[in-house]
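Peer 1: Okay, sequence plus prediction incoming.
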Amino acid sequence: MDLVLIRHPAVAVPAGVCYGRSDVALAGDPDAAAADLGRRLAALRAPLPRWVVTSPLARCARVAAALADAHGLDLHADARLAELDFGAWELCAWDAIARDQLDAWAADLLHARAHGGESVAQFAARVGAAVDALVGRVSGDAGAATARGVGASVAINPVAPAIWAVTHSGVMRAIASRALDVPLARAMRWPLEMAAIVWLRVDPRDDGGWRLVRWNA
């Protein structure tokens, strides 16, 4: 199974502003962004899924809709793939947030909620639940396709099914941390650009563990 994660493109928000769960607008045209992503996914030879899943926030959903339409794929939104809720810090400049609050959050990254929103542990748990549901659904679809004797006639490969998910930096890092069994604090330091592609793969015929195919592609 291939899990292809796509970060949303640049947003119309000044640099240095916290905008986790806020529904901010894209800086550019979603159709153009989707066309560029399609070309890059093709160049990477990323497998075509049956459907695209997206965060419901507009900066992801508008690009995902254009990407799905361009490839003739179904589109599904999952609220569990939205970015971390930063509570009172949303749409505040990071420099304007009290230093003691930021320090308290950094000192207990998993559980602190100085902003009153989600803790990182709560966030990671909901993202993990979303991935489990996606993997279960796609595996079930692939098994049903195999049972019906179809293969090349459908977009999804029944032997190696795929998921494309348009989401956020924090979500992608949480998924990578869980799949690759690395601390989330470590994954948070890995570079991840706007509109970046992260590709993970698991082969049940092997040890069943995930491996990283591409990061920040």
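Peer 2: It's in.

Peer 1: in this protein, which ranges drop under the pLDDT threshold?
Peer 2: For the chain, the stretches with pLDDT under 70 are 139-160, 204-206.

Peer 1: Repeat the analysis, applying 80 as the threshold.
Peer 2: Scanning the chain for pLDDT under 80 picks out the ranges 137-160, 203-208.

Peer 1: can you tell me how far the residue positioned nearest the centre of it sits from Asp29?
Peer 2: Taking C-alpha atoms, centre = their mean, the centroid of the chain lies closest to Thr167, which sits 3.6 Å from it. Distance from Thr167 to Asp29, counting by C-beta to C-beta, to the nearest Å: 20 Å. All C-beta spots, glycine's among them, are computed from the backbone N, C-alpha and C.

Peer 1: what does Leu134 give?
Peer 2: From Leu134 to Asp29 the distance is 28 Å (C-beta to C-beta).

Peer 1: Those two: which is more packed in?
Peer 2: Leu134 (21 against 13; other C-beta atoms under 10 Å).

Peer 1: Helix or strand: which one has Leu3?
Peer 2: Using DSSP states H and E, Leu3 maps to strand 2-7.

Peer 1: Sheet-wise, list the partners of that strand with their directions.
Peer 2: Within its sheet, strand 2-7 is paired with strand 162-167 (parallel), strand 197-202 (antiparallel), according to DSSP bridges.

Peer 1: which is the next helix or strand following that strand?
Peer 2: helix 30-44.

Peer 1: now the helices: where do they sit in this protein?
Peer 2: Assigned by DSSP state H, the helices in the chain fall at 30-44, 58-71, 99-107, 120-147, 169-180, 184-187.
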